[in-house]
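>>> below are the sequence and a predicted model for it; my questions follow.
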Amino acid sequence: MQSEPIKHIAIAGNIGAGKTSLATQLARHYRWDVLYEDASDNPYLADFYFDMNRWSFNLQIHFLHSRYRQVLSIRAGTSPVIQDRTIYEDAHIFAPNLFEMGLMSKRDFESYQHLFQTMSSQIAPPDLLIYLRANIPTLVDHIQSRGRDYEGNMSLDYLKKLNKKYDDWIEQYPSELLIVPVDELDFINRSEDLGKIINMVDSKIHGLFS
């Protein structure tokens, strides 16, 4: 029996890992509220994939603000919430990757980092982070199956660099963590695989709050 309820669960993972699908399924199972990363609400996303150098800073600032607002909402509320992607991925993976690829200027990257440092000092990490680890072929298959036109311009090199950033970040992640091997568990199409993930989440939750 849990001594206190879990409040903030977040799902992390590369583009195409299945974050939105798993967030939906876990929210339905546990009766959690869910906050999605709404790509349709980002006015820079489509432009970014056609001209990354021009729109990288605008895109990342929009994502940073959106997820900061989500975390404040989660912590101010009373219901448990599962969040599709975290503010930490923006700052530790996507923005540094753009800077290292020469797609964000040093000046913009430093401004972004200073803003993130200020924001992150005001919030706490999720009670539990669920990381969807997937290899490139799995990511590509998922991306192609959802058929978003703007993602068609994404390079394999871009995905590979992001995957490396994710692995490095997760290796050093300091808080509660559950790693889900997406290449081995087709939770979208196989109910038994979803059940395995639910059992993994149950074990983590009871371990954290028993």
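Structure's in. What do you need? Remember, it's a predicted structure, so these values are computed and weren't measured experimentally.
>>> can you give me the strands in the chain?
8-13, 33-35, 81-84, 128-133, 177-181 (DSSP state E).
>>> centre-most residue in this protein?
residue 85 (2.3 Å; C-alpha atoms, centre = their mean).
>>> list the residues that contact it.
10, 11, 12, 13, 19, 37, 67 (C-beta atoms under 8 Å, 6 or more residues apart in numbering). Heads up, the C-betas are built off the backbone N, CA and C, glycines and all.
>>> show me which of those is closest to residue 202.
Within the contacts of residue 85, proximity to residue 202 (C-beta to C-beta) peaks at residue 11, which comes in at 16.0 Å.
>>> quick one: contacts for that closest one?
By C-beta under 8 Å, 6+ apart, the neighbours of residue 11 are 19, 22, 23, 26, 82, 83, 84, 85, 129, 130, 131, 132.
>>> present those residues as TSV; the columns should include distance to residue 112 and pLDDT.
Below are the contacts of residue 11 laid out as TSV (distance: C-beta to C-beta, whole Å; pLDDT from 0 to 100):
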residue	distance to residue 112	pLDDT
19	22	95
22	28	97
23	26	97
26	30	97
82	26	97
83	20	97
84	21	95
85	17	93
129	22	97
130	26	98
131	23	98
132	25	97
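>>> just the buried ones from those residues, in PyMOL syntax?
Buried residues within the contacts of residue 11, by 16 or more other C-beta atoms under 10 Å, are selected in PyMOL with:
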select buried, resi 19+22+23+26+82+83+84+85+129+130+131+132
